[in-house]
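Engineer: Quick one, fold the following:
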Amino acid sequence: GINAEYGAFDCKIVFFSMEAPSKAVLILLVSSIALLLAFCESQDHDLLYKKQNEIKNHNEAVCFACRALTRGLMRKHKALKKKKANPAESDIMKIMDVEDVCSTQTFVRVPKYSPPQMSTQCENFFGKWEEEIEETFIKDLPEKEQRICWELSHVCDGIPDEDFFPESERKKRKEAKAAKETIKEDL
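Structural biologist: Next comes the predicted model:
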């Protein structure tokens with residue numbers, strides 16, 4: 001044994017020695033450790049799966065907010081350009097009012113997530129990417145949604161397009177596309 005004196009305390013550590021532990025004790029010990037490790041690993045796996053799912057849902061919500069925000073700004077920008085062929089930068093900045101573009105009304109048609117939830121995601125996204133969004137509209141760059149939500153922020157990378165649109169809107173979009181193709185063929 002080992003004796004050590006610490007102030008008023010006297011500690012004695014004794015190591016017991018065994019000639020050779022029995023096979024049964026070793027098997028029991030190894031089995032217990034293996035079961036404990038398996039249990040911990042399954043708990044970690046469940047936690048990891050839950051965390052991955054939360055991240056996926058968060059990324060999807062941010063993507064939907066970006067797309068709805070960009071489309072709302074595109075509608076406002078288009079209306080502004082109808083009034084003024086070459087709107088001034090100050091006019092474009094007026095349509096960038098975050099309280100207006102991220103209002104819950106903007107997100108009424110977004111599936112899966114509530115308008116207040118989307119409004120919060122929109123405000124967070126807009127706050128982070130405001131300068132890039134403003135530049136895209138001031139310079140009137142093409143493919144605004146693609147540029148903002150994929151190329152600049154990458155928030156929609158890996159999110160399928162069909163997840164954004166409800167079934168009824170997908171059907172309308174297909175019909176509109178088919179009608180355009182028919183018109184082109186007739187010309």
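Engineer: quick one: low-confidence ranges for this structure?
Structural biologist: Using pLDDT under 70 as the threshold, the predicted model of the chain has low-confidence ranges 1-21, 25-26, 38-57, 111, 162-163, 165-173, 184, 186-187.
Engineer: all strands for it, in order.
Structural biologist: Remark: strands assigned in the chain by DSSP state E are 2-6, 9-13.
Engineer: Not counting residues beside it along the chain, what's closest to D91?
Structural biologist: Excluding the flanking residues, the one nearest D91 by CB to CB, 6 or more residues apart in numbering is L80, at 6.0 Å. All C-beta spots, glycine's among them, are computed from the backbone N, C-alpha and C.
Engineer: mind listing the helices for this structure?
Structural biologist: In the chain, the segments counted as helices under DSSP state H are 23-83, 89-94, 98-101, 115-138, 144-146, 167-186.
Engineer: Highest mean neighbour count out of the ones you listed?
Structural biologist: For the helices of the chain, the largest average neighbour count (mean count of other CB atoms under 10 Å) is found in helix 115-138, namely a mean of 17.
Engineer: now for it, which elements pack on it?
Structural biologist: Contact analysis of helix 115-138 by 3 or more CB pairs under 8 Å, 6 or more residues apart in numbering; DSSP states H and E lists helix 23-83, helix 89-94, helix 98-101 as its packing neighbours.
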